[in-house]
Every structure is written in C-alpha cells, then in structure tokens.
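Undergrad: pasting the sequence and the predicted coordinates here, then a few questions.
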Amino acid sequence: MSSTKLMMKKIALAILCTLALTFTMSAKNRALLIGVGGYNTAATGWGQISSVNDINLLKPKFVALGYEVTSLTDAEATKAKVVSALKTLSGKTVAGDNIYLHFSGHGQLIEDMNGDEFADYDQSFVCFDACLSSDFKSGGRAYRGQNHLIDDELFPILSTLKQKVGSNGSVMVVFDSCYSGGADRGEQDDDPDPDSEVEWSDTVRGTGDEFKANASADTYLRKLKVPGEYAKGGGTLTVISACEADKRNYECRDKRSGKAYGSLSYAISKLIDTKVPMSEWGNYFSTRKYVKDRIFRRTQRPVVEIH
C-alpha cells in the first residue's frame, strides 16, 4: 500500500473517531419537570394540591443521576411557558439522548371538538392558567380551554422526540394527574399498611367534571390538528399514568417528613433511591411490582403505554 493511501486511511479513521466522540459528548440525559399545585382557586376554580413537593423531591435526584434538568412550578407553568419549554427541549434533543418528562398537577377530560376521540373527550393536563369550566374568564373573555395542555397538542412533540433520540435513546413521560377526581369508587375503605413509609391522604388530583367549551364555531378546541399514529423507528417512548381513567389518583404523605406528594411521584423517587434502572420502570408498574411497597391504594393502578 502506498504511503498516500495509508495516510488517507488514517485521516478517514481520525474523522470517524472524532464524529463518534462528538456524538457521545453531545448526547445527554435531559429532564423537564412540571408541577402545578398552587392554583389560583378564585380565578380558575382549581383546588390546591402538593405537586410542587413532587418536583422538589425529584429534581435533586435527577441532577444526581446526571440529567440536565429544567423545572417549571406554579406560575412558571402557564400553558405558554410549558409549551415553550417543550419546544426548547425538542430543539436541543439529539440522537442518543434519554428524555424524561414529568407532569404533576390536576388533569381533566375535555370536550373533543376535532373528532379524533372515540369516547368524545380528550385528556389534558391542567396548566397554572387553565380554568375548571367555561364559567370562568381568561383575559377578560369566556374561557374556551386554550390553557389546558391537551393530548392532541402533546402528540406531535412526543412524536418528534421519539424520532430525534433514535434507536440508542429513549423518552419517558410520567403523568401524576387524574381525570376522574370527582368519582366515588369506595377507596375510603382501603386500609393503610402500618409498615408503609407513607400514609394515604384524602386529597385527590383531577376532577370528575368534564370541561365543556360551550363552543362557538371558532373555539380553540376546533382548531387542534387531529393526531395520527407514532411513526415506526426512533427510540422507545414509555408513558406512565398514575391511575386508570375511571379511578382516583390520591396523594400520599411521608410519615417522616409529614409532606404530601403525588403517589406516582413518590414511587418514582423510591425507584431512583433503590437504583432501579429507568429502562425497568415500565415493567415495575405494568407487572404491579409496586404493590409490595404499599405507596398506592389497592384500587389505584398506574397505567403503562409503550410505543
């Protein structure tokens, strides 16, 4: 082999090594933690819950795991700021990233106005400036659902993240919220375990009252794009919700600190403490391994979806 060809091979190898090193250095673990608990009840109708405690519990643990963490709590978590943070995260994401999204707050079923839901309602996360019903006003006008974060809006963002992380990355989304908080399922008869680290609170996240837009033809909800299916390929997208659609999501209270937390958030913190890899979290909840930890009431079962 001539010296020129040998030199060219060395240069090509050096370039490949540089590209591989660049990829390794640029790929990151990134987390966006969103918690809304201090709702302005008079202005929005939503009661206050302990979601900010969830973020304060989880944030240092994700930092210790090496995540680049962004958090939004209460007034920082308006609809506009949450969407902006999601878009910023999506813009930063590169192949090989591991993405973690956490939503703690109220949830609500909201009238499906674009015809994409079989059951006539979309699911939504209640941002700080979202109102319980159209009886309230936002910006001096009747509220029409524009500050709810609806699943139709999350779909394109999650779909983009799933593709951008590639086969070596992952996306996990956790919803410590609920869509049926007003339902009466008899959970009050569920006795706590004296050996558990937590005691159960009567505080429920979410509402059994669906949001009705009382909609005119130009309502915000009619303009949402109908989502499709997640494209094949990309990384694994895992979505964990705190409870089934017709069940309540109760908060729990740590016996040592006396602080209340979302039960799913508290369970996630324990998984981190016990060094359970995130790749195994979906299996932990789907196979009900959480039962032995007695964090959730027996009637509350987290739901796992994998795409």
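TA: Nice, I can see it. Worth saying up front: this structure is predicted, and the values here are computed from it rather than measured. Numbering: from 1, shown residues only.
Undergrad: go through the helix or strand where residue 158 lies and flag the buried ones.
TA: Using DSSP states H and E, residue 158 maps to helix 151-165. Judged by neighbour count (16 or more other CB atoms under 10 Å), helix 151-165 contains these buried residues: 151-155, 157-165. Quick note: C-beta positions are derived from backbone N, CA and C, even for glycine.
Undergrad: would you mind giving those residues as TSV with distance to residue 95 and pLDDT added?
TA: Below are the buried residues of helix 151-165 laid out as TSV (distance: CB to CB, whole Å; pLDDT from 0 to 100):
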residue	distance to residue 95	pLDDT
151	26	88
152	27	85
153	25	90
154	22	93
155	21	91
157	17	95
158	17	96
159	16	95
160	13	96
161	12	97
162	12	97
163	10	97
164	7	97
165	7	97
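Undergrad: tabulate the residues you listed (CSV), appending distance to residue 263.
TA: CSV is the format used below for the buried residues of helix 151-165 (distance: CB to CB, whole Å):
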residue, distance to residue 263
151, 22
152, 27
153, 26
154, 22
155, 26
157, 26
158, 23
159, 29
160, 30
161, 26
162, 27
163, 32
164, 31
165, 28
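Undergrad: what packs against the helix holding residue 158?
TA: Using 3 or more CB pairs under 8 Å, 6 or more residues apart in numbering; DSSP states H and E as the contact test, the elements touching helix 151-165 are helix 79-92, strand 98-104, strand 121-126, strand 170-176, strand 236-241.
Undergrad: now mean pLDDT, mean neighbour count and distance to residue 64 too, for those, in a markdown table please.
TA: Output for those, formatted as a markdown table (pLDDT from 0 to 100; neighbours: other CB atoms under 10 Å; distance: least, CB to CB, whole Å):
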| stretch | mean pLDDT | mean neighbour count | distance to residue 64 |
| --- | --- | --- | --- |
| helix 79-92 | 97 | 16 | 20 |
| strand 98-104 | 98 | 25 | 13 |
| strand 121-126 | 88 | 24 | 26 |
| strand 170-176 | 97 | 25 | 17 |
| strand 236-241 | 96 | 20 | 21 |
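Undergrad: out of these, the one nearest residue 54 is which?
TA: For those, proximity to residue 54 was assessed by CB to CB; strand 98-104 is nearest, at 4.2 Å.
Undergrad: picking that back up, and the helices and strands packed on helix 151-165: which comes nearest residue 142?
TA: Nearest to residue 142, of these and by CB to CB, is helix 79-92 at 16.5 Å.
Undergrad: before we move on, the earlier item: with distance to residue 298 added, can I get the helices and strands packed on helix 151-165 in TSV?
TA: Formatted as TSV, those follow (distance: least, CB to CB, whole Å):
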stretch	distance to residue 298
helix 79-92	33
strand 98-104	22
strand 121-126	24
strand 170-176	18
strand 236-241	17
